[in-house]
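Q: With the sequence up front, the predicted model follows.
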Amino acid sequence: MKNWFSWWHDGHKRFWFLLILAFVIFLLIRKNNVFTWAAGWMEEQSQKREIKELEEKIADLDEGISQMQEGTDAVEQYAREKLHFHADGEDVYLVNE
């Protein structure tokens, strides 16, 4: 019968076995492993997209504020275009773009 652990006496095979075992323990079994790194990276990308969207929204709001400071005509135009306000007796038609 062949001795199943005869490879253990070969130094090179034992080195590679221990190296692979350390690799598995370090990258897959520990609490801070490859999977948590990947999840963290995906969360970071999601937050970057959200930051970009919020910055665009802030820029739009800043533009609206600057328009409203121009005068009453600008305020009326903003209210009609963005908030769909209308005067008595007017019909409002909303068109999806």
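A: Okay, I see it.

Q: Spell out which helix or strand contains the residue nearest the centre of the chain, please.
A: Nearest to the mean C-alpha position of the chain, by CA atoms, centre = their mean, lies residue 46 at 0.4 Å. When elements are assigned from DSSP states H and E, residue 46 belongs to helix 34-68.

Q: Quick check: what element follows that helix along the chain?
A: helix 72-82.

Q: now the angle between helix 34-68 and that following helix, please.
A: 140 degrees (axes from the mean of the first three to the mean of the last three CA atoms, to 10 degrees).

Q: neighbours of residue 67, just the number please.
A: Residues near residue 67, counting by other CB atoms under 10 Å, number 16. The way it works is simple: take the backbone N, C-alpha and C, and place the C-beta from them, glycine included.

Q: by contact count, what packs against the helix holding residue 46?
A: If you count contacts as 3 or more CB pairs under 8 Å, 6 or more residues apart in numbering; DSSP states H and E, helix 34-68 packs onto helix 72-82.

Q: Tell me where this structure is predicted with low confidence.
A: Scanning the chain for pLDDT under 70 picks out 1-10.

Q: Send over stretch 35-50 as CSV, restricted to the C-alpha atoms.
A: What follows is stretch 35-50 as a C-alpha-only set of coordinates in CSV (Å, rounded to 0.1, in the frame of the first residue of the first chain):
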residue,chain,number,x,y,z
PHE,A,35,-15.0,38.9,-0.3
THR,A,36,-15.1,41.9,2.1
TRP,A,37,-12.7,43.7,-0.1
ALA,A,38,-15.0,43.2,-3.1
ALA,A,39,-18.1,44.3,-1.2
GLY,A,40,-16.2,47.4,0.0
TRP,A,41,-15.2,48.2,-3.5
MET,A,42,-18.8,47.9,-4.8
GLU,A,43,-20.1,50.0,-1.9
GLU,A,44,-17.5,52.7,-2.8
GLN,A,45,-18.5,52.7,-6.4
SER,A,46,-22.2,53.1,-5.4
GLN,A,47,-21.4,56.0,-3.1
LYS,A,48,-19.4,57.7,-5.8
ARG,A,49,-22.4,57.5,-8.2
GLU,A,50,-24.6,58.8,-5.5
